[in-house]
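Undergrad: sequence-free structure coming up:
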């Protein structure tokens, strides 16, 4: 993501709005596989709202980072 695109997002990120958007649009049938893609161990109880919040926080960290990429910390959020 370019610096220009990053700058186009509001600062601060609307975490509640983004969390709601992700939760509303993430297909429950794909939740477990999506969680797995972010390094959450298979067998972890799927919690769509918690996962959506973690993705929002991770995205916020990415947008404000000066780096082109950041560590995946979804599992720790």
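TA: Looks like it came in fine. Please read all numbers here as calculations on a predicted model, not as lab measurements. Residues are numbered from 1 along each chain as shown.

Undergrad: So the most centrally placed residue in the chain versus residue 4, what's the distance?
TA: Here the mean C-alpha position of the chain is nearest to the C-alpha of residue 55 (Cα atoms, centre = their mean), at a distance of 1.5 Å. Computed as Cβ to Cβ, to the nearest Å, the residue 55 to residue 4 distance reads 23 Å. From N, CA and C alone the C-beta is placed, and that goes for glycine too.

Undergrad: Tell me which stretches of this structure form strands.
TA: Shown for the chain, no strands are assigned by DSSP state E.

Undergrad: Could you identify the longest helix within it?
TA: Longest helix in the chain by number of residues (criterion: DSSP state H): helix 48-64.

Undergrad: Kindly state the pLDDT recorded for the residue nearest to the centre of the chain?
TA: Per-residue pLDDT puts residue 55 at 94.

Undergrad: tell me the contacts of it?
TA: Taking Cβ atoms under 8 Å, 6 or more residues apart in numbering, we find residue 55 in contact with 19, 22, 38, 74.

Undergrad: Name the member of these that has the highest neighbour count.
TA: The member of these surrounded by the most neighbours (other Cβ atoms under 10 Å) is residue 19, with 21 neighbours in all.

Undergrad: contacting residues for that one?
TA: With Cβ under 8 Å, 6+ apart, residue 19 has these contacts: 49, 52, 53, 55, 56.

Undergrad: And the helices in this protein?
TA: 3-7, 15-25, 31-37, 48-64.

Undergrad: ok, and what's touching the shortest one?
TA: The contact list for helix 3-7, computed with Cβ under 8 Å, 6+ apart, reads 62, 63, 64.

Undergrad: Low-confidence stretches in this structure?
TA: 77 (pLDDT under 70).
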